[in-house]
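Trainee: Sequence first, then the predicted structure:
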Amino acid sequence: DGGITQSPKYLFRKEGQNVTLSCEQNLNHDAMYWYRQDPGQGLRLIYYSQIVNDFQKGDIAEGYSVSREKKESFPLTVTSAQKNPTAFYLCASSIKVREQFFGPGTRLTVL
Amino acid sequence: AQSVTQLGSHVSVSEGALVLLRCNYSSSVPPYLFWYVQYPNQGLQLLLKYTTGATLVKGINGFEAEFKKSETSFHLTKPSAHMSDAAEYFCAVSQGITGGGNKLTFGTGTQLKVEL
């Protein structure tokens, strides 16, 4: 079955650590996205990528980094510069301007 | 800049009653509009979308929404609520990006509670 997978489902980070969240899709979509979800704030765009080896900052990119070396993969690194990283992270993909399809999410907690 | 306003962060209905979740948007170009549903600790699932054409859009699970340009609204309705409809619902407006893809601007969500 085609879809988007995210791993791990739960992730715990110590202060000062970098952590990487995985996102893989087998939908053959060109565009991929990372969102952060906090209670009562909806979803906010962190980064997006329209093609391999290219990506753009979204609305809240500070403290995050991404790469897009393969069409299927768009990992997100939460760096120690992100001061409040505890949140639910969602990855999505789309074909051009059509609807976005979402993965199941990763819940990150800072200890 | 685009924006989406969802009136009512929490809505409660009785099972079998009408569900009405409100969404108003602002956009400088003809919008693409979406409704997504999210169950606890899961990703978002597309309920329905408006791109062009018919303004009354039918989606999954008996939901539908009507695009009203004059009111800049895209309210979500379902004639008869079911317990399984309890979830959080997000309205989103799309802005195309040069080179492909699109940027979605989401509302802050409406938590729907269905009571017996």
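Mentor: Alright, I've got the coordinates.

Trainee: What about residue B:41, how many residues nearby?
Mentor: 11 (other Cβ atoms under 10 Å in any protein chain shown). No exception for glycine: its C-beta is placed from N, CA and C like everyone else's.

Trainee: cool, the one 3 residues further on as well?
Mentor: Taking other Cβ under 10 Å as the criterion, the count of residues near residue B:44 is 28.

Trainee: And the pLDDT at it?
Mentor: Note on residue B:44: pLDDT of 96.

Trainee: distance of whatever residue of chain A ends up closest to chain B from residue A:99?
Mentor: Of all residues in chain A, residue A:31 sits closest to chain B, at 3.2 Å by Cβ to the nearest Cβ. Counting by Cβ to Cβ, to the nearest Å, the gap from residue A:31 to residue A:99 is 11 Å.

Trainee: What of residue A:58?
Mentor: Residue A:58 is 18 Å from residue A:99, by Cβ to Cβ.

Trainee: Now do the residue of chain A closest to chain B, the pLDDT please.
Mentor: On the pLDDT scale, residue A:31 gets 92.

Trainee: who touches residue A:37 in this structure?
Mentor: Counting by Cβ atoms under 8 Å, 6 or more residues apart in numbering or on different chains, residue A:37 makes contact with A:43-44, A:87-90, A:105.

Trainee: can you check residue A:8 too?
Mentor: A:22, A:106.
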